[in-house]
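A.B. asks: for reference, the sequence and a predicted model appear below.
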Amino acid sequence: MQIILELVPIFTFELTRSNTQYTHQTAAKCTNCVSTTMCVHFPKFKSRTCQANFKKTSRNSLNNAKSLSLGLCLPVRKIYPRKLSETMAANPRRLHFVFVPLLAQGHMIPMIDMARLLSEHGVVTSLVTTPHNAYRFATSVRRAQATGLHVNLIEIPFPCEEVGLPLGCENLDSVPSRNLIRNFFRGLNKLQHPLEQYLQQHDLPPSCIISDKCLSWTSQMAKKFKVPRLVFHGMCCFSLLSSHYVKLYKPHLSVKSDLEPFVIPGIPMRVEIAKAQLPGAFVTLPDLDDIRDEMQEAESSAYGVVVNTFLELEHGCVEEYSKAINKKVWCIGPVSLCNRDILDKIERGNKASTDETKLLEWLDSKKTESVIYACLGSQCRLVPSQLIELGLGLEASERPFIWVIKTGERFPEFEKWLLEEKFEERIEGRGLLIKGWAPQVLILSHPAIKGFITHCGWNSTIEGVCSGVPMITWPMFAEQFFNEKLIVEILRIGVRVGVELPVRWGDEEKVGVLVKKDQVKSAIEQLMDEGEEGENRRNRARELETISQSAMESGGAAHFNISVLIQDILEQSFHSRD
């Protein structure tokens, strides 16, 4: 198989083979892969061999060549991206990336991180939001601006009353009932016209739109401005590829029951899953199916996909996903690592519901790798009886723990139990309850944390990976059962708590209690095991932490991919003017 690398002027590579150094002012783009990102054929920042011969080429011919045939993928020793600010300074048009997230906490947080990361490469970035949501990010954005980054918030009023939502209901997390989801999406659709007006009047028109997959109207907007639209799913490539092939081959239609496992076809590894554990996209929802159809149609016309992940986490699924959808895929994660400052970690996503100083003092008082951190996500909808079982399991583990509890409509019922049972008094000193929002990245990165009880949302999953923390998996809905398979079976850095059924919005009471306190205690004991199995699990988690940190460093895979993405959009920008 011959690998063709097109030369794209902008980067300097040092390629090494048999102690021979080749340096040229170009970047390599593999035409054998659909993606212009870090393809498996070339550069992966470590030795990888394809079968063929390497043709020695001089520096001059490299600089003059239009393409270079390489059969051997050389190790890339160093990469020095030229400052894109220098590149764009020579161009009359500066790049402007517009980020349009779904107004939900788990979707907005990685988008604001992405906007910051791209702005660090010299481009202008704008994130579309609403007044109530802007409050959650304003401080961190102002701090980024103070360092010279061109990252901005575009605030557009959300038409709550017009679409029949309570005033201030501008975030999916605050929608009080599943029956109002359609109203919420109507409100999202009404953001299109004022956003287009704003961008038309802006001094710097958009060069690219990066939007959440749920916002199909951004496809029309991209066509109007004649710019590429990139889709952000908020998932990993393993989950995206698994969903794609289940939709394509429909193996779930051949099983006899919802709990009968079947093999996911097409993916690079053998993984089984049950029909009941598939994402909500496989469940017929008459009131929302038309919205999902619009999303699918808009996605098919997208220029490419950006993913908050890195290659080593995906075990071959990045290339396969790019081929399967016949689109470019850029892996630019883990984006949470852009929060290097302690204030960034504290304020990431929202104002913390606890005193950060006291939180850090509490963590500092614990032994290294001794604390369990339990947080089941911003959209956790477990009934009070299930939360009680979780609390009792944490207590029975006799380990120090931090437990984050989402406040909501049912919270008063649960808080009544806390008071009547004097739970907080019983665990005083050993357990810490955070009622509301917690600075998760700050907590996970503390050396006292040894395990993470997680709902397997992708943000939480990759944040756990970046911190080198093994996980106890408690998936609830969406693609979270896919993520559990990745954590437990492929990466082998977690243990299952034993959930078999999802908890979909509106079905909480019907589902009830899925996990008993003894299961929680048992999973904690297994994760904290000091034997060979536990130590191997922790070593694998530490290795992934190291790889993830390297990806975000200057010259790392994610850093490189962001540069290639910007270069691609720069080329598209010139083509659109021709």
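C.D. replies: Received the coordinates, thanks. Quick caveat, the model's predicted, so the values are computed rather than measured. Numbers count the residues shown, from 1 in each chain.
A.B. asks: any idea how many residues pack against Glu356?
C.D. replies: Glu356: 16 surrounding residues under other C-beta atoms under 10 Å. C-beta: built from backbone N, CA, C; applies to glycine.
A.B. asks: quick check: it vs Ala138, distance?
C.D. replies: Here Glu356 is placed at a distance of 18 Å from Ala138 (C-beta to C-beta, to the nearest Å).
A.B. asks: what's the answer for Leu204, then?
C.D. replies: From Leu204 to Ala138 the distance is 21 Å (C-beta to C-beta).
A.B. asks: for Glu320, same thing?
C.D. replies: From Glu320 to Ala138 the distance is 40 Å (C-beta to C-beta).
A.B. asks: more neighbours: these two, which one.
C.D. replies: Between Glu320 and Ala138, counting by other C-beta under 10 Å, Glu320 is the more crowded of the two (22 against 14).
A.B. asks: show me the shaky parts of the chain.
C.D. replies: Scanning the chain for pLDDT under 70 picks out the ranges 1-93, 349-352, 409, 576-578.
A.B. asks: domains of it?
C.D. replies: The chain breaks down by automatic domain parsing into domains covering 3-82, 236-331, 350-551.
A.B. asks: helices along the stretch 351-500 of the chain, start to end?
C.D. replies: Residue ranges of the helices in the stretch 351-500 of the chain, as given by DSSP state H, counting those that start in this stretch, are 356-364, 384-396, 411-420, 423-426, 440-444, 458-466, 480-485.
A.B. asks: tell me who's in contact with Val231.
C.D. replies: 210-213, 299, 302, 304-306 (C-beta atoms under 8 Å, 6 or more residues apart in numbering).
A.B. asks: for PyMOL, what selects the buried ones among those?
C.D. replies: To isolate the buried members of those in PyMOL, using 16 or more other C-beta atoms under 10 Å:
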select buried, resi 210+211+212+213+299+302+304+305+306
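A.B. asks: export the contacts of Val231 to TSV and append columns for distance to His575 and secondary structure.
C.D. replies: Output for the contacts of Val231, formatted as TSV (distance: C-beta to C-beta, whole Å; DSSP: H, G, I helix; E, B strand; the rest coil):
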residue	distance to His575	secondary structure
Ile210	19	strand
Ser211	21	strand
Asp212	26	strand
Lys213	25	coil
Glu299	23	helix
Ala302	17	coil
Gly304	15	strand
Val305	20	strand
Val306	20	strand
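A.B. asks: contacting residues around the residue most central in space within the chain?
C.D. replies: With distances taken as C-alpha atoms, centre = their mean, the residue of the chain nearest its centroid is Asn308 (4.1 Å). By C-beta under 8 Å, 6+ apart, Asn308 lies in contact with 110, 113-114, 232, 234, 236, 332-335, 458-459, 462.
A.B. asks: return the closest of those with respect to Ile566.
C.D. replies: Ile332 (10.5 Å; C-beta to C-beta).
A.B. asks: and Asp203, which of the three is it?
C.D. replies: coil (DSSP: H, G, I helix; E, B strand; the rest coil).
A.B. asks: what about it, how many residues close to it?
C.D. replies: Counted with other C-beta under 10 Å, Asp203 comes out at 5.
A.B. asks: with Lys450 instead?
C.D. replies: 22.
A.B. asks: residues contacting it?
C.D. replies: 369-372, 469-470, 527-528.
A.B. asks: repeat for Pro261
C.D. replies: The neighbourhood of Pro261, defined by C-beta under 8 Å, 6+ apart, consists of 255, 272-274.
A.B. asks: got TSV for the residues you listed, with distance to Leu376, secondary structure and neighbour count too?
C.D. replies: Converted to TSV, the contacts of Pro261 look like this (distance: C-beta to C-beta, whole Å; DSSP: H, G, I helix; E, B strand; the rest coil; neighbours: other C-beta atoms under 10 Å):
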residue	distance to Leu376	secondary structure	neighbour count
Val255	28	coil	14
Glu272	24	strand	12
Ile273	20	strand	19
Ala274	21	strand	17
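A.B. asks: between those, which is closest to Pro159?
C.D. replies: For the contacts of Pro261, the nearest to Pro159 is Ile273 (39.3 Å; C-beta to C-beta).
A.B. asks: how much space separates Glu545 from Ile566?
C.D. replies: According to C-beta to C-beta, Glu545 and Ile566 sit 27 Å apart.
A.B. asks: looking at these two, which one has more neighbours?
C.D. replies: Ile566 (24 against 19).
A.B. asks: contact partners for the more buried one?
C.D. replies: 84, 95, 118, 121-123.
A.B. asks: what of Ile209?
C.D. replies: So Ile209 contacts 97-98, 100, 218, 221-222, 225, 227-230 (C-beta under 8 Å, 6+ apart).
A.B. asks: scan those and report the most crowded one.
C.D. replies: Busiest of the contacts of Ile209 [other C-beta under 10 Å] is Val98, holding 29 neighbours.
A.B. asks: what's the separation between it and Phe158?
C.D. replies: Taken as C-beta to C-beta, the span from Val98 to Phe158 is 18 Å.
A.B. asks: and Cys456, by the same measure?
C.D. replies: 29 Å.
A.B. asks: comparing the two, which residue is more hemmed in?
C.D. replies: Shown here are Cys456 and Phe158; by other C-beta under 10 Å, Cys456 has more neighbours (30 against 25).
A.B. asks: mind checking how far the residue lying closest to Glu120 once chain neighbours are set aside is from Glu509?
C.D. replies: Spatial nearest neighbour of Glu120, chain neighbours left out: Leu149 (6.4 Å); criterion: C-beta to C-beta, 6 or more residues apart in numbering. Distance of Leu149 to Glu509, given as C-beta to C-beta: 46 Å.
A.B. asks: next one: Leu442
C.D. replies: Distance from Leu442 to Glu509, by C-beta to C-beta: 34 Å.
A.B. asks: what do you get for Ile109?
C.D. replies: Applying C-beta to C-beta, the value for Ile109 to Glu509 is 29 Å.
A.B. asks: more crowded one of the two?
C.D. replies: Ile109 (26 against 9).
A.B. asks: quick check: next helix or strand after the helix or strand hosting that one?
C.D. replies: Using DSSP states H and E, Ile109 sits within helix 105-119. Scanning forward in sequence from helix 105-119 by DSSP H and E, the next helix or strand is strand 124-129.
A.B. asks: partner strands of that next one and their direction?
C.D. replies: Strand pairing for strand 124-129, determined by DSSP bridges: strand 96-100 (parallel), strand 151-155 (parallel).
A.B. asks: any idea which of those strands is most buried?
C.D. replies: strand 96-100 (a mean of 26; mean count of other C-beta atoms under 10 Å).
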